[in-house]
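Q: when you get a sec, could you give me coordinates for this:
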Amino acid sequence: MDGVCLCSVEDIYMLINVNFALSHKVPFLFLNLSVNMKICTLLPNCVILFPFRHSFKFFVTYTPMILKGKKTIPLLLFSVMLLIGLPSLSQVVDVETHRTQADTLQRFAGGFGIGLEISKNTSKIINLKNSADLTYSTRQHEFLILGRNNFLRVEGSNVLNDGFIHLRSVLYRNRSIAPEFFLQAQYNLDWGLKRRGLAGSAVRIRFAQTEYFRAFASTGLMIENEIWQNDEKSLREERTLLKSTTSVNVRGRIAENLDFAAISYYQARPDRFFKPRFTSDWQLRFRMSENLRFVFQFVSTYDSDPPFSSSDFIYEINNMIEVRF
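A: Numbers count the residues shown, from 1 in each chain. Below is the predicted model:
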């Protein structure tokens, strides 16, 4: 029959996610509690996702100390997922979660999501998020593109406005030692980072890979150009630096019901190697039953040389309970 596509449903499942997130970015402290329900229909070549979300938001400002509570319901939430999930919302670009398993197939994998949330109680809040990723894998090589944008506006004031795009290629990815090349563009206006561009290369080393444990490390060099600006103090600073970049990624199983994942980046100038920018993403995943899992995540960034004497340590804590059927 022309114009008709007959395809059988391979699986249907429901995911209920309860997320508790605490974010600290001077001078704001954010608390977000959200409940997400997703009903997914898996077809041979696609995934159809029906999302629902209900969230409670709280934020605290330092001066004066004000606590405001907001109960919000998304007015518009649209998302499409293909094969793999969306990137992390932290500054850490965890490319490991987007790598595909090595096989003999050439394939594309990717995803795209966009969300708009508007709420009005005692204050008006607008939150816009979008993210995208694409991975192309061959038998020997892998190419990744990751992107994200996050915008939060409270009562006419921009609280969060950040994003990045990251491109990476891995050659001869099945070998124990493989070269990598990467480009990244980034901005974070609430930190004062108008623009950051970097380009570099590294060597990725596989130390261990078993059924229950994987360990990788990479080391290389990159050129980084940054423009920082503080509009309140009329300050502007631009710097171009050569930096070493080293990362360690480990994933494994501690016990039958407990898994862990950790990735850390150490980036520093060769002449100031012990004054780095250190970023990390650590996760513990506890399987309480066949259908219930608890996830704890801690994401942090430490910069020993922050511009304009700004905060040198920023962190985010997430606790998550997942119920799978």
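
Q: what is the burial count for residue 163?
A: Counted with other CB atoms under 10 Å, residues neighbouring residue 163 total 17. (Each C-beta comes from the backbone N, C-alpha and C, glycine too.)

Q: er, residue 218 actually
A: Quick note: residue 218 (other CB under 10 Å) scores 20 neighbours.

Q: so what's residue 199 closest to, chain neighbours aside?
A: Using CB to CB, 6 or more residues apart in numbering and skipping residues adjacent in sequence, the residue nearest residue 199 is residue 183, 5.1 Å away.

Q: OK, contacts around that neighbour?
A: Applying CB atoms under 8 Å, 6 or more residues apart in numbering to residue 183 gives the contacts 166, 167, 168, 198, 199.

Q: drop anything exposed from those residues.
A: The neighbour-count criterion (16 or more other CB atoms under 10 Å) marks 166, 167, 168, 198 among these as buried.

Q: for the closest residue to residue 313 other than its chain neighbours, name its beta-bridge partners.
A: Nearest residue to residue 313, sequence neighbours excluded (CB to CB, 6+ apart): residue 302, at 5.1 Å. Beta-bridge pairing for residue 302 (DSSP bridges): residue 278, residue 313.

Q: go through whichever helix or strand the residue nearest to residue 199 is part of and flag the buried ones.
A: Residue 183 is part of strand 177-188, with elements assigned from DSSP states H and E. Within strand 177-188, the residues that count as buried by 16+ other CB under 10 Å are 178, 179, 180, 182, 184, 186, 187, 188.

Q: which one in those residues is the model shakiest on?
A: Lowest pLDDT of these: residue 188, 85.

Q: what sits against the closest residue to it other than its chain neighbours?
A: Spatial nearest neighbour of residue 188, excluding adjacent residues (CB to CB, 6+ apart): residue 162 at 3.9 Å. Neighbour list for residue 162: 91, 149, 150, 186, 187, 188, 189, 190, 191, 193 [criterion: CB under 8 Å, 6+ apart].

Q: just checking, residue 162 is part of a helix?
A: No - judged by DSSP: H, G, I helix; E, B strand; the rest coil, residue 162 forms no part of a helix; its state is strand.

Q: could you report the distance from residue 251 to residue 302?
A: 23 Å (CB to CB, to the nearest Å).

Q: higher neighbour count, those two?
A: When neighbours are counted by other CB under 10 Å, residue 251 and residue 302 differ, and residue 251 comes out ahead with 18 against 15.

Q: so how far is residue 144 from that one?
A: If you measure residue 251 against residue 144 using CB to CB, the figure is 18 Å.

Q: next one: residue 226
A: Between residue 226 and residue 144 the distance is 23 Å, computed by CB to CB.

Q: which one of these two has more residues nearby?
A: residue 144 (22 against 17).

Q: can you name the helix or strand that the more buried one falls in?
A: Going by DSSP H and E, residue 144 is in strand 142-154.

Q: pLDDT (mean, whole number) over that strand?
A: Strand 142-154 comes out at a mean pLDDT of 86.

Q: for it, C-alpha coordinates in CSV please.
A: Coordinates of the C-alpha atoms in strand 142-154 are reproduced here as CSV (Å, rounded to 0.1, in the frame of the first residue of the first chain):
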residue,chain,number,x,y,z
GLU,A,142,33.8,8.4,16.2
PHE,A,143,32.7,12.0,15.8
LEU,A,144,30.5,13.9,18.3
ILE,A,145,28.6,17.3,18.4
LEU,A,146,27.1,18.4,21.7
GLY,A,147,25.2,21.6,22.4
ARG,A,148,23.2,23.2,25.2
ASN,A,149,21.6,26.5,26.1
ASN,A,150,20.0,27.6,29.4
PHE,A,151,18.2,30.9,30.1
LEU,A,152,16.4,31.9,33.4
ARG,A,153,14.8,35.3,33.9
VAL,A,154,13.2,36.3,37.2
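
Q: now that strand against strand 177-188, angle please.
A: 20 degrees (axes from the mean of the first three to the mean of the last three CA atoms, to 10 degrees).

Q: now residue 286. Nearest residue, chain neighbours left out?
A: Nearest one to residue 286, counting by CB to CB, 6+ apart, is residue 294 at 4.5 Å.
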